[in-house]
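A.B. asks: With the sequence up front, the predicted model follows.
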Amino acid sequence: MALLEKKEILYSVRGNRAEWKKLKKALKDARIRGVSSDVWQDEAPACGCGAHLDIRDFGPNGKIDRNIYTLRVPVSEMDDALPILH
């Protein structure tokens, strides 16, 4: 595996942290090398006060998971990683 090898998105989902962590652990257990993961939000905060509080999170069910979870693998490892995804 080269240091700057091109990576492809293997998995990307919004609001499913448990599945993302399970898949990330499965890739690690299968010894797939060069896996990178990322968590980010595509929405701006709802208020501009600096507190980063979102009024939609104070409902009866608690905080809503709006994060986007992504896993990337090198192109050379993609054939080994796809069966683990399924």
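C.D. replies: Here it is on my side, so go on.
A.B. asks: use CA for all of it now, contacts and neighbours both
C.D. replies: OK.
A.B. asks: Now do the same for Pro21: helix, strand or coil?
C.D. replies: Actually, residue 21 is Lys rather than Pro. The three-state label given to Lys21 by DSSP: H, G, I helix; E, B strand; the rest coil is helix.
A.B. asks: count of neighbours near Ile64?
C.D. replies: 12 (other CA atoms under 10 Å).
A.B. asks: Also Ala30?
C.D. replies: Counted by other CA under 10 Å, the residues lying close to Ala30 total 11.
A.B. asks: cool, and Val75?
C.D. replies: Applying other CA under 10 Å, we find 17 other residues in the vicinity of Val75.
A.B. asks: Quick check on Ser37: phi, psi?
C.D. replies: In this entry, Ser37 is assigned phi and psi values of phi -130, psi 160 (degrees, to the nearest 10).
A.B. asks: how close does it sit to Lys24?
C.D. replies: Computed with CA to CA, to the nearest Å, the distance linking Ser37 and Lys24 is 8 Å.
A.B. asks: shared neighbours, these two?
C.D. replies: Contact criterion CA atoms under 8 Å, 6 or more residues apart in numbering; residues shared by Ser37 and Lys24: Leu71.
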